[in-house]
Each structure stands twice: as structure tokens, then as C-alpha cells.
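Student: Coordinates for the following, if possible.
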Amino acid sequence: MKNKPYLFISLLLLFSCKEQEARRPVVQKTTTILSETIAQNKKLVALENKTIERYIAQDTTKQYKVASYGFWYAYETKKPQETLTPKIGDVVEIAYNITDLYGNVFYAKDDLGIKKYTIDKEDFIPALQEGIKLMKIGETITFVIPSYRAYGLVGDENKIGINQTIKSTVTLISIKQN
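Tutor: Take a look at the predicted model:
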């Protein structure tokens, strides 16, 4: 008789345990945040591109070209006789500045100094990584770069704000082939 309470409790515990089932959500949403974000980003890109195109149309002093990499560029100084352009792994020296479309200077050439950059081996402004490959020694090109090919959503966390279109005038000083 002493064992009956223990036996009863043991049987009760053994048969009362059952695996828990996951609860299903009461309402399942059919729209996703991702598709809404994509649509919003497309609108922002279209608006930014219109702003750039308006700026380029007003700048009658330069002949801008559209690069397949998502930026615009115009030659300030062109060297047609020169044939050497930078290739992957080459080390180039450049002088450049960064402004907004209205001429407000974020970083002046004097403040930035001469930059040594290894083509496609270092982190740099994405559009300028591609743009420098178009250049020949002694050339100066002005690049108009939308935010998604520059500093994007976060800016540079210093002087360049979020979704900021930038303009950069770059001079290629030298190329050291790898």
C-alpha cells in the first residue's frame, strides 16, 4: 500500500506529458516588407537620376557621357595621344575632390592630398573605382555620382549625408603597372 501513491504519481506523469505543438499565427500577411522597400528604392533612384539629368542639362560648359557603371562623366583635360590606362592591380596616383552638385565642398584636393590607389584591390568610392580605369595619365575628369554608386544610405558618417549625390574632379597623375 505504501507504493500505490508513488505508482499513481509515476503513471500520471508518464501519460500526462505530451510534445508541445507550435502555435500557428492567427493572421498571415501576404505583403512583404522587402517588396515595399524595393519599390521605394526604385522611386528614390529615379528621383535622384532626374536631379542629376537636370543638373547635366544646365551645365552647358561640359559634354557629359553616361557610363554603364551608373555614373556620368565629362573630360576637363583629355590626352588623346596617350594610350596607357590603368588595369587591375596597377597602382595609380590621383588628386581629387568631392563636392555636391551645387559646388559645396565636402573634401578639397588640398585636404585629401595625393592618393595612391591599387585598382580593384582597395575599398574606394565604387563609381571612381570604375571611372579611374577610363583615364590616361594627365587627364582630368569630372564625375557625377549618384548616392547608390558613392556612399549610399549611410553617407561617409562625417561630411557626406545619406543618399547624397556627389561630384568629384579627378586627375590621374601616374600609373605604376603591376
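Student: going forward, measure contacts between C-alpha atoms and count neighbours the same way
Tutor: Will do.
Student: what's the longest strand in this protein?
Tutor: Counting residues, the longest strand found in the chain (DSSP state E) is strand 166-176.
Student: Packing partners of it?
Tutor: Secondary-structure packing of strand 166-176 (3 or more CA pairs under 8 Å, 6 or more residues apart in numbering; DSSP states H and E): strand 91-96, strand 98-99, strand 140-145.
Student: can you give me the strands in the chain?
Tutor: For the chain, the strands defined by DSSP E cover 65-66, 72-77, 91-96, 98-99, 105-107, 114-118, 140-145, 166-176.
Student: on that earlier part again, check the offset of the longest strand of the chain from the chain's centre.
Tutor: A distance of 19 Å separates the centroid of the chain from that of strand 166-176, by CA atoms, centre = their mean, to the nearest Å.
Student: now the angle between strand 91-96 and that strand, please.
Tutor: Taking axes from the mean of the first three to the mean of the last three CA atoms, to 10 degrees, one finds strand 166-176 and strand 91-96 inclined to each other by 150 degrees.
Student: Phi first, then psi, for G138.
Tutor: Main-chain dihedrals, G138, degrees, to the nearest 10: phi 90, psi -10.
Student: For it, grab the count of nearby residues.
Tutor: Each residue near G138 was counted by other CA atoms under 10 Å, and the total is 14.
Student: Give me the local confidence score for it.
Tutor: Note for G138: predicted pLDDT of 95.
Student: my read: it touches V170, true?
Tutor: No - between G138 and V170 there is no contact under CA atoms under 8 Å: 10.1 Å.
Student: Could you pull out the helices in the chain for me?
Tutor: Assigned by DSSP state H, the helices in the chain fall at 3-16, 33-58, 109-112, 126-131.
Student: Quick one: closest of those helices to T118.
Tutor: Among these, the nearest to T118 by CA to CA is helix 126-131 (9.5 Å).
Student: what comes up buried for that closest one?
Tutor: By neighbour count on 16 or more other CA atoms under 10 Å, the buried set for helix 126-131 is 126-131.
Student: just stretch 76-95 next, same as before
Tutor: For stretch 76-95, the neighbour count (16+ other CA under 10 Å) marks 85-87, 90-95 as buried.
Student: so how far does it reach from one end to the other?
Tutor: Length of stretch 76-95, first residue to last, CA to CA, to the nearest Å: 14 Å.
Student: chain center to it: distance?
Tutor: On CA atoms, centre = their mean, the centre of stretch 76-95 falls 23 Å from the chain's centre.
Student: If you rank every helix and strand of the protein by mean pLDDT, what lands last?
Tutor: Lowest on mean pLDDT, DSSP states H and E among the helices and strands of the chain sits helix 3-16, with a mean of 69.
Student: about what we covered before: need the winner for burial among the strands of the chain.
Tutor: The highest mean neighbour count among the strands of the chain, using mean count of other CA atoms under 10 Å, belongs to strand 140-145: a mean of 24.
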